[in-house]
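> sequence plus the predicted model coming up.
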Amino acid sequence: MDLVETKPHGNQAATLPTPFLKWFGEKGWQPRAHQLELLARAQAGENMLLIAPTGAGKTLAGFLPSLTDLVARGKIPPGSAFTGIHTLYISPLKALTVDIERNLMKPVTEMGLSVTVENRTGDTPQSKRQRQKLKPPDILLTTPEQVALLLANKEAGRFFKDLKYVVLDELHSLVTSKRGHLLSLGLARLRKHAPKMQTIGLSATVADPMDLQRWLVPQGEAPAPPAGLVHVTGGAAPDITILGTDTRIPWSGHVSTYAIPEVYEEIKRHKTTLIFVNTRFQAELLFQSLWTINEDNLPIALHHGSLDAGQRRKVEAAMADNKLRAVVATSTLDMGIDWGDIDLVVHVGAPKGASRLAQRIGRANHRMDEPSKAILVPANRFEVMECQAALDANYLGAQDTPPVGEGALDVLAQHVLGMACAEPFDPLELYDEITSASPYAGLSWEMFERIVDFVATGGYALRSYERYAKIRRQEDGRWRVSNPQIAQQYRMNLGTIVEAAELNVRLVKRNAKGTLGRGGMSLGKVEEYFLEQLVQGDTFLFAGKVLRFEGIRENECLVSNAFSLDPKIPAYAGGKFPLTTYLADQVRAMLAEPERRANLPDQVRDWLNIQLERSMLPKQDELLIETFPRGKRFFLIAYCFEGRLAHQTLGMLLTRRLERLGARPLGFVATDYSLAIWGLNDIGAMIADGALNLSDLFDEDMLGDDLEAWLDESYMLKRTFRNCAVISGLIERRHPGKEKTGRQVTVSTDLVYDVLRSHEPDHILLEATRRDAATGLLDIGRLGDMLKRIRGHITHRPLDRVSPLAVPIMLEIGKEPVPGEAQDAVLQEAADELIAEAGL
Amino acid sequence: MIQKDEPTVMHRLGLNPRTIIAGQATGAEEILVHGTAAVCDPLGALYLPETQTIIVSDLHLEKGAAFARRGMLLPPYDTLATLNILKTVITRYEPKLVISLGDNFHDRRGSEFLPEDLRKMIADMARGRDWIWINGNHDPDGTTNLPGISTDELAHGGLVFRHEPSLILAHQKSMGEIAGHLHPAATVRRREKSVRRPCFASDGHRLLMPAFGVLTGGLDLRHKAIQGLFRQETLVAHLLGRDRIYSVRYGSLMG
């Protein structure tokens, strides 16, 4: 059942042109109310946002205004003047543009409309791109990067002058990333070329639709009215359960191997099961575990971002043809594409966010009127609570998508260079244009000038690069690119996705003589830093196989089949989502209110009840701190529930403070739920006798000097800096004439970072890095919110032994290395061996 | 894995050039190269006490500017940072002779376009001592307007100094060899943790210098370009630690 939320204004009675009515009639369909409303309001000149669940006919709704307009326009007679594109469709996935082309061509052909539809992605051949510029299609389906490329072209004005509609798909996922920032700047430029153009955003349910409604229209001094909203809710309520198990639910860990037999039974019971996990590591392990008990030889496949594109396409095709019984997948399958008849979604590990769960469950039963069926498989006891919280949330329709953030500065630098490549720009005009994009509405003129200076000569206080400037100011005050090579460089390095350095993994055979053969199947890509830790003969799990590392040849990692049972497992960097603020709140509420624990399994309830007896459960806004001795160490556990990233940052900062206060801390470990710190001195006794004051220890001022001091030494910022350096154009991924692979960055960004930090700590790129880290890797914003919240609400429980609630994190100790620490200790150990060997 | 793009350590930059440390640095390691005593300094320089010679290699001065000429505006501070460290080393040992072992500048135009203040800094350091620039593959034409002399190769005190190591195994030759060019770095692994640092690499006959420039990466000792140069049984990596040298036998690097 559809429910149209907002009241349309103006004329709602949009009537479809005859071919459309006939087509709907032949199919026995009715245009849905939201499709007609969107059409009517778009025709009346409104920018629009459509929020609807999957299966609601969102795509067709998005294209109806454009298709009806094109039908009214009719075919362009041969010999007419150049006509630019009419509609631009932008999606985050290349695959989606191909899928949409197929889905759109069907009604267009069946109705016999004379509308041309083409896609343009990184895979489109050069000749076709060239032809598209000379003779553009009516509707162009493309990605944010291609839009930026087209806009940086001298012909951009001509190409976009007739643009009427921009349809933005999966808008909720686009806007929160740097790609979204780049796209928002692109939209601002498109509006300059085609002032009357209208936007139509298509989105899944989000926490704050107004964010997107503003994103779709120009901001700045006189912002346009926000885009109109059509919100389709409803569809059948999904049928979600938490996997019931007789096996003991583990205390810690993330892999849910205890539940494999039950998951396998569910696969057998259903037609096609989609199994979502949070990390590639979980995907690999789960896939392997399923196959070890796959006695019926069910076709079960694996799909994640590191696998070879060819392999992934094969899995996708097999799924579309309903040839698979189950696919283990990471977020690579989260979005949009229709993958055949899935009747069950299994989510292994906690979903970490209520909205993410809703999206993934939406993959089952792509028809909106039938309930989707999903089973959650928590990996440990805290995750049971998290799953229950997410489940409550899904029934309540709560949303926890992140807000649209402030636009990133590295993206802005890339865009400024692109605009200079298109045509010389007037700085005042460009500033007005940029601040009309909602993520950049708050950009100051001073910051804009610094960015222009950065693009021109690197923005250094030491002004020694004037003669090498990339853009120069002309006499009329406009900025132009210095030479055509700069524009070529820009085109080759455009984009905001920076991959970690990766090597292709190729499976080779050993011949009788023991030498390695050539050729063999390509299995996918694995991060270089992981391979660096391997020596020949080490085994690891990848692409669902246990592989033996043989060595590196040129740019490839050679592996052979291994039959080891105890592989080392790829420690992939990507894919670990922290717990969202919303779910964290819910878990805290569950601890605080006994009635909310009613739905939890007995095992988990019992565990919490013992905790109540031995220690306590914190109230919703309270921070519980437990201290206890164990072995020769003293432990402090803080139950913050703010996600792993924020806890890691907190751990770094607290250990610094404890060091100063003489608690002699030795290390810490962070999970999504709590933080454990241990040391040589009795922290509990220090708190009791007043040597340590908890409210001072947790004071917000740690985000001042302590944070700065830590960042000085931290290795964590270097990864963020690398991204900023590449996106902003300081470091090239590819250089004209030298385009071998994307990974060959010609200079180490870590070294550049060190030099810059020690000589110009206020440089704009370091500022951009800190800003990124504050929201990303370090989650400083969230940590700050927590420190505010718990002020005056800290409760200390000194215990004589470990509490039930502390068990999960205590089991994590020793599993996770603390990054960047104790490096010289490792060297010391190795050097000592040499000394011992020498008999000294 | 086989690229010169690995990070060195931060402490070389954090160093304050005005802090003068007299005499030999604590944490330096004394070794023998073909019978000649040599001190590996944790800042990446080699000191020969008998001839009072300091050797540094692969300074890659003006690397930032070389990139800027090609459109990548890297920070223009690398030359100053590298020279600051060199100044500390020279103050520490007060050598009679400084040998810079090639790739002194990152490209052929580097020394010609060197800013005046930096040129003066080198002149001040060279005052009262001899200075030899060995030519490298990046800067084969010698230096412009700088003190000291340029040459392709030098024999001095029983050792041969050249930029690129010769391909003949060093222990089969009558003289020891000190070379640069390859930017050796070693990875030490213990208990699932691995640490990678630039290093001196020596089998007692030949010694490969770590790259001294702050924007220079490293090449792993396991790479075949380095493998062929040494007898593995006697190869030791002397890794640059925070304030000392850590010596680890090649076979023990991976634990």
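Great, that's in hand. All of these numbers come straight from a predicted model, not from anything done at the bench.

> in space, what's closest to the residue nearest the centre of chain B - neighbours in sequence excluded?
What sits nearest the mean C-alpha location of chain B, by C-alpha atoms, centre = their mean, is B:Ser57, with 3.2 Å. Distances taken as C-beta to C-beta, 6 or more residues apart in numbering or on different chains place B:Gly180 nearest to B:Ser57, at 3.1 Å, with adjacent residues excluded. C-beta here means a position set from N, CA and C on the backbone, and glycine is covered the same way.

> spell out the secondary structure type for the residue of the stretch 151-255 of chain B found nearest chain A.
Using C-beta to the nearest C-beta, the single residue of the stretch 151-255 of chain B nearest to chain A is B:Tyr246, 4.1 Å away. Assigned with DSSP: H, G, I helix; E, B strand; the rest coil, B:Tyr246 falls in the strand class.

> next one: it from A:Asp832, what distance?
9 Å (C-beta to C-beta, to the nearest Å).

> do the same with A:Glu659
25 Å.

> before we move on, what about B:Leu73?
Distance, B:Leu73 to A:Asp832, using C-beta to C-beta: 45 Å.

> tally of neighbours for the residue nearest to B:Ser57?
28 (other C-beta atoms under 10 Å in any protein chain shown).

> before we move on, back to that, quick one: contacts for the residue nearest to the centre of chain B?
Residues near B:Ser57 by C-beta atoms under 8 Å, 6 or more residues apart in numbering or on different chains: B:Ser100, B:Leu101, B:Gly102, B:Asp103, B:His163, B:Ala179, B:Gly180, B:His181, B:Met209, B:Pro210, B:Ala211, B:Phe212.

> out of B:Leu73 and A:Asp832, which sits in the busier spot?
It is B:Leu73, of B:Leu73 and A:Asp832, that has more neighbours when counted by other C-beta under 10 Å, with 24 against 13.

> give the contact list for that one.
A:Thr457, A:Gly458, A:Tyr460, A:Tyr465, A:Tyr468, A:Lys470, A:Leu730, B:Phe67.

> please enumerate the helices of the stretch 101-250 of chain B.
B:116-126, B:224-227 (DSSP state H, counting those that start in this stretch).

> tell me the bridge partners for A:Val377.
Beta bridges link A:Val377 to A:Val348, judged by DSSP bridges.

> would you check that it makes contact with A:Thr241?
No. Counting by C-beta atoms under 8 Å, A:Val377 does not reach A:Thr241; the two are 10.2 Å apart.

> which one of the two is surrounded by more residues?
Legend: neighbour count by other C-beta under 10 Å for A:Val377 and A:Thr241, higher for A:Val377 (26 against 11).

> confidence score at A:Gly519?
The model reports A:Gly519 with a pLDDT of 73.

> and it, how far is that from chain B?
Applying C-beta to the nearest C-beta, to the nearest Å, the value for A:Gly519 to chain B is 21 Å.

> specify the local secondary structure of that residue.
For A:Gly519, the secondary structure call by three-state DSSP comes out as coil.

> what sits against it?
A:Val508 are the contacts of A:Gly519 under C-beta under 8 Å, 6+ apart.

> now the residue of the stretch 51-200 of chain B found nearest chain A: how far from A:His415?
Nearest residue of the stretch 51-200 of chain B to chain A: B:Leu73, at 3.3 Å (C-beta to the nearest C-beta). The gap separating B:Leu73 from A:His415 is 17 Å, by C-beta to C-beta.

> what's the burial count for the closest residue in space to A:Tyr431 that isn't next to it in sequence?
Leaving aside its chain neighbours, A:Tyr431 sits nearest to A:Phe448 (5.1 Å; criterion: C-beta to C-beta, 6+ apart). A count of nearby residues for A:Phe448, using other C-beta under 10 Å, gives 19.

> now A:Asn681
By other C-beta under 10 Å, 17 other residues sit near A:Asn681.

> the spatially most central residue of chain A: what's it in contact with?
Geometric centre of chain A, nearest residue: A:Ser177, 7.3 Å, by C-alpha atoms, centre = their mean. Neighbour list for A:Ser177: A:Thr496 [criterion: C-beta under 8 Å, 6+ apart].

> just the pLDDT for it.
We have a pLDDT of 85 for A:Ser177.

> so what's A:Met616 up against?
Taking C-beta under 8 Å, 6+ apart, one finds A:Leu624, A:Thr795, A:Arg797 in contact with A:Met616.

> how near is it to A:Glu626?
Remark: distance between A:Met616 and A:Glu626 (C-beta to C-beta) = 9 Å.

> likewise for A:Ile780?
Taken as C-beta to C-beta, the span from A:Ile780 to A:Glu626 is 25 Å.

> so what's the backbone phi/psi at A:Lys164?
The phi and psi values for A:Lys164, taken as degrees, to the nearest 10, are phi -110, psi -40.

> that one touches A:Gln198, doesn't it?
Yes. Assessed by C-beta under 8 Å, A:Lys164 is found in contact with A:Gln198 at 6.8 Å.

> for stretch A:764-775, what is the distance to the chain centroid?
Stretch A:764-775 sits 18 Å away from the centroid of its parent chain (C-alpha atoms, centre = their mean, to the nearest Å).

> oh, I was asking about stretch B:190-207
With C-alpha atoms, centre = their mean, you get 14 Å for stretch B:190-207.

> got the buried residues for it?
With burial defined by 16 or more other C-beta atoms under 10 Å in any protein chain shown, the residues of stretch B:190-207 counted as buried are B:190, B:193-207.

> and if you look at stretch B:83-98?
B:83-90, B:92-93, B:95, B:97-98.

> and stretch A:609-619, by the same measure?
For stretch A:609-619, burial by neighbour count (16+ other C-beta under 10 Å) applies to A:Gln611, A:Arg614, A:Ser615, A:Met616, A:Leu617, A:Pro618.

> state the phi and psi torsions of the last one.
In other words, A:Pro618. Per-residue torsions, A:Pro618: phi -70, psi 150 (degrees, to the nearest 10).

> which residue packs closest to it, ignoring adjacent ones?
Nearest to A:Pro618 is A:Leu624, by C-beta to C-beta, 6+ apart, at 3.8 Å.

> tell me the SS of that neighbour?
strand.

> ok, it - contacts?
Contact analysis of A:Leu624 by C-beta under 8 Å, 6+ apart lists A:Ser615, A:Met616, A:Leu617, A:Pro618, A:Ala638, A:Tyr639, A:Thr795, A:Arg797.
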